[in-house]
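K.L.:
Kindly return the folded structure for what I paste below:
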Amino acid sequence: MPQVIQFINELKSYTAPEVYNPWVDFDGKFDIGEMAPGIRCDQLEKYLRLRLDEAKYIFVAEALGYQGGHFSGIAMTSERILLGYHPIVHSSMVIGGNGQRTSNAGHPNIKKKCREEGYNEPTATIVWESILKNSKSPMDVILWNIFPFHPFKKGNLLTNRTPSLAELEAGAAYLRSLQNIIPNAQIISIGAKSDKTLAEFGIQHASVPHPANGGANDFRARIADLL
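P.N.:
Numbers count the residues shown, from 1 in each chain. Okay, the predicted model is just below:
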């Protein structure tokens, strides 16, 4: 499946200030080692390959976060899921087998739970549980972001920031590349920001509310209607 490899290589070519590209960047403080980007590339490749012929939907949020794709390499997916510490969502549902950790468990400032089980993203849990409850197969859905990289606040890698317009424009090109690989999948925006941005870029889509900030029940209800 050379198109998946080509797509990941396209992702690896992106660089910008205050942006972490998980498929090529390595941080000596928070990553396990120089092998971390390669692990994340491998996990994204497995994730996409499993869905190449089956995906019916591409769910699109705004950007990667440090608790999710920064370390897992997969949008809206925490490494805690890939390491087998989620009671419902199993790594086999995501990448077809066991995942690998890329965050540094030995970092002195890491919280105990993260040290033991990896980073966890609350949004990822809600999104994955809703997909599993309402779809025939977890392979029906690809999770993505308009800006597929992790934008962070200057001087603090383990933070999230809103991507700039230029970053969103750059990210939309990668979404279109993903659409070219899976042309029959319907685009679904997650949250008002994603909805607005996709509309501005002329990308046809349906929308669901973001599950954060008290929107989890509305998100679950809309997912049930869509799937």
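K.L.:
Work out which residue lies at the spatial centre of this structure.
P.N.:
Centre of the chain computed as the mean C-alpha position; nearest residue by Cα atoms, centre = their mean is A75, 0.4 Å away.
K.L.:
I'd say that one and G69 touch.
P.N.:
Yes - A75 is within contact range of G69, at 5.0 Å (criterion: Cβ atoms under 8 Å). Bear in mind the C-beta positions are built from the backbone N, C-alpha and C, glycine included.
K.L.:
Now for those two: what residues contact both?
P.N.:
The overlap between the contact sets of A75 and G69 (Cβ atoms under 8 Å, 6 or more residues apart in numbering) consists of 145, 148.
K.L.:
Tell me where the chain is predicted with low confidence.
P.N.:
Applying pLDDT under 70 to the predicted model, the residue ranges of the chain that meet it are 1.
K.L.:
Would you check that F219 makes contact with P209?
P.N.:
Yes - contact criterion Cβ under 8 Å: F219 and P209 qualify, at 5.3 Å.
K.L.:
what touches both of these two?
P.N.:
Counting by Cβ under 8 Å, 6+ apart, the common neighbours of F219 and P209 are I190.
K.L.:
before we move on, back to that, how about the contacts made by the residue nearest to the centre of the chain?
P.N.:
Remark: with contacts taken as Cβ under 8 Å, 6+ apart, A75 is in contact with 61, 64, 68-69, 143-145, 148.
K.L.:
repeat that for 7 Å
P.N.:
Contacts here follow Cβ atoms under 7 Å, 6 or more residues apart in numbering; on that basis A75 touches 61, 64, 69, 143-145, 148.
K.L.:
and R49, what element?
P.N.:
Assigned by DSSP states H and E, R49 belongs to helix 36-51.
K.L.:
For that helix, list the C-alpha coordinates in PDB.
P.N.:
Provided in PDB are the C-alpha atoms of helix 36-51 (Å, rounded to 0.1, in the frame of the first residue of the first chain):
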ATOM      1  CA  ALA A  36      10.200   7.400  19.100                       C
ATOM      2  CA  PRO A  37       9.300   9.000  15.800                       C
ATOM      3  CA  GLY A  38       9.800   5.700  14.000                       C
ATOM      4  CA  ILE A  39       7.400   4.000  16.400                       C
ATOM      5  CA  ARG A  40       4.800   6.600  15.900                       C
ATOM      6  CA  CYS A  41       5.100   6.300  12.100                       C
ATOM      7  CA  ASP A  42       4.700   2.600  12.400                       C
ATOM      8  CA  GLN A  43       1.600   2.900  14.500                       C
ATOM      9  CA  LEU A  44       0.000   5.500  12.100                       C
ATOM     10  CA  GLU A  45       0.800   3.200   9.200                       C
ATOM     11  CA  LYS A  46      -0.900   0.200  10.800                       C
ATOM     12  CA  TYR A  47      -3.900   2.400  11.800                       C
ATOM     13  CA  LEU A  48      -4.400   3.700   8.200                       C
ATOM     14  CA  ARG A  49      -3.700   0.300   6.500                       C
ATOM     15  CA  LEU A  50      -6.500  -1.400   8.500                       C
ATOM     16  CA  ARG A  51      -9.000   1.300   7.400                       C
END
